[in-house]
Every structure is written in structure tokens, then in C-alpha cells.
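Sequence and predicted structure are below.
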Amino acid sequence: MMKVLHDTIHQLTIPTPFAVGDVHVYLLKGDVLSLVDAGVRTKEAWEALVLQLKQLGYSPNDIEQLILTHHHPDHIGLVGEFPRAHSIVGHSFNEPWLTKDESFFNRYEQFFKDYFAFFGVPDVYLKYLEQMKSELGHFGEGSLTAVIDEGDVLPGHDQWRVIGTKGHAQSHLSFFRESDGSFIGGDHLLAHITPNPVLEPPYNEGQERPKPLLQYRSNLNKCLQLGIQKVYPGHNEVFSNLDELIPAQLKLQEKRANKVFEMLQVKEQKPFAICQQLFPKKFAKQLDLTMSETIGQLDFLENEGKILATVKDGILFYQIK
């Protein structure tokens, strides 16, 4: 349930239909009344949000601004439900998801068809692309009124600085208040789980695909330098032990990568074969997440100079150097 965490920050907990469970959104009081993230687009989520706002003495009509950490459906689902919210603020990469840009989604789908074939995924497993389309109903509709990125100040909240935290999503931003070390982190920093480094196409055609695990690790290290005292996350509890948590997460990722390296010491392999070995019970039903994790480990090992990529008959293979 709702907890008052700070004199200007209130956490509201919203149910989702996803495996991740509840998601947190934050009411931020300042020169404007803002809601950081907007839950998922379901009746249950809306009722929970309205109830918790009422317990704080507010209604949806009182929300003046929406601030987005990233574009995933459990974070932007209710953006269109606040009649007096004069602005929606976030990274520019939220826009095609908010406007449901059909040409973007066609390119997004084609990216995965092409890359999954390149990674050696058989066609029979591409049903997940249809699942992705079905989940679009959980996304809210709207349009950004202001674009923010690394180093900007949150509109109406001049103590809060924008921190670029790509990795879990290419649209991901977090917000840091230096005066007390508060950090509203979306899904970038979580207490008990390491967020998936989700594979995405480049948002600008012709660019190289992002390498989300490398981005995520870089931004974890950046967070260690900020002086964060308390993290208000998108899931699970508020926490403070970053000096322990971040090194442990980095080490866990390296341990996972070493497991992949051991597989490649036996023989060269295509990414899908590695994915099947890493996630034998999950890969078929969660192909997007399991392949994202697999490619992340391979990107890491390649960046470390430990493995080499080759292409044979249009399919990617990796081997140790």
C-alpha cells in the first residue's frame, strides 16, 4: 500500500498483469504536481491509483504533469487519463510508443525478424512477435510536450537533475536530487533483481543496434559516483545500500558471462543455441527477454576481447579467441 517517503515524494503501488508484479509510481510535489510514471492500462491499476491519490487528498484532475522514466507498458499505461496534465515529459524515444506510430512498429517488428534469423532462431519461435502486438493495449496514448535528457532539470522541480540510464530501455531516464541524495530510478536500480537489458532496434534508421548490457553496466558505474543515498524504484522496496548492491550486480553479470564463455570453449555456437542452454524452461515463452539476456552476455564478452563473431550462411556464430 501507499507509503509517505519524503515531504515531496509519495509512493503509490499499482497492480500489473505482468510477471514482475506491482509497479510504483511517484507523486512529486513542487512548483507543479507531477506523477512520475503512470502504471499499466487496466481497470485494476486505475482504481488503485485513484484510491491512493484520494488518500493523499488528490484526484486525477489535480495532476498537472506526467514524467516518464521509460516507455514500458507498466510505466506509461495511464498517461491519457489525467485531464489537467498539461505536459508529458520524457526521453524522445517514448514518443513512438505514446503515439502508437505504425511505421515505427513495422520497423520494430522487422528488426526482430531479421535479427532473430541472424541469431539462428527458427521461424517456429517467432510467435512472440504477435504477443508483442497484443500487449500494445496496455500502453497509454498521448504525446510528449517536452523532451528531457542527461543533465536537464525536471520542469517544475528544479532540484531534480535528469540522469541518462539507458540499458533496460533505450528511453530510460532517472532523476536525482543532490541535496539529499534521493534517486527516482524507474527500473534502472532494483533491490533484489537485475533488470533485463532489453534488446531494441536503433530508433534512427541506419544506426548500429544498441548494446544494452554494456550501456547498463556503464550507467551502473555512473550511479556509483553520484552520491545516491536513497533509491525510489519502479518495483520492490526503497533501498540505500548502493555501495554493496551495484558491485554485486556487476559481479553477477560477469558470472553469467563466464558461463557463456565456458559454453564457447566446448565449440563455436550461434546465439539461439546458447539461449536454449541458459534458459531451457523459459526461452520458448519469453524469447524476447531470454535472447536479450543472451546477446547482452555475448556483447560483454566480445567487448572484453574474449570471443570473436563470425557469419556463416547469414547466421551469426561466436567462438573464443
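That came in fine, so what should we check first?

where along the stretch 1-150 of the chain do the strands fall?
Taking DSSP state E, counting those that start in this stretch as the test, the strands found in the stretch 1-150 of the chain are 3-6, 9-14, 23-29, 33-36, 65-67, 87-90, 146-147.

For stretch 76-91, measure first residue to last.
Terminal residues of stretch 76-91 lie 12 Å apart, using Cα to Cα, to the nearest Å.

buried ones in that stretch?
Ile76, Gly77, Leu78, Val79, Gly80, Glu81, Phe82, Ala85, Ile88, Val89, Gly90, His91 (16 or more other Cβ atoms under 10 Å). From N, CA and C alone the C-beta is placed, and that goes for glycine too.

now the second one: how far from Ile14?
Gly77 is 9 Å from Ile14, where distance means Cβ to Cβ, to the nearest Å.

shared neighbours, these two?
Listed contacts common to Gly77 and Ile14 are Gly39, Val40, Ala45; contacts here mean Cβ atoms under 8 Å, 6 or more residues apart in numbering.

what's the burial count for the residue nearest to the last one when sequence neighbours are not counted?
Right, Ala45. Using Cβ to Cβ, 6 or more residues apart in numbering and skipping the chain neighbours, the partner closest in space to Ala45 is Gly39 (4.4 Å). Neighbour count of Gly39, defined by other Cβ atoms under 10 Å: 30.

who does the lengthiest helix in the chain touch, helix- and strand-wise?
Longest helix in the chain by number of residues (criterion: DSSP state H): helix 242-266. Contacting helix 242-266 under the criterion 3 or more Cβ pairs under 8 Å, 6 or more residues apart in numbering; DSSP states H and E are the following elements: helix 212-224, helix 271-278, helix 287-303, strand 315-320.

Pipe these into TSV and attach mean neighbour count per row.
As requested, the helices and strands packed on helix 242-266 are exported to TSV (neighbours: other Cβ atoms under 10 Å):
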stretch	mean neighbour count
helix 212-224	19
helix 271-278	20
helix 287-303	22
strand 315-320	17
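
Compare these and give me the one nearest Glu254.
Across the helices and strands packed on helix 242-266, Glu254 has its closest neighbour in helix 287-303 (7.8 Å, Cβ to Cβ).

Much appreciated, bye for now.
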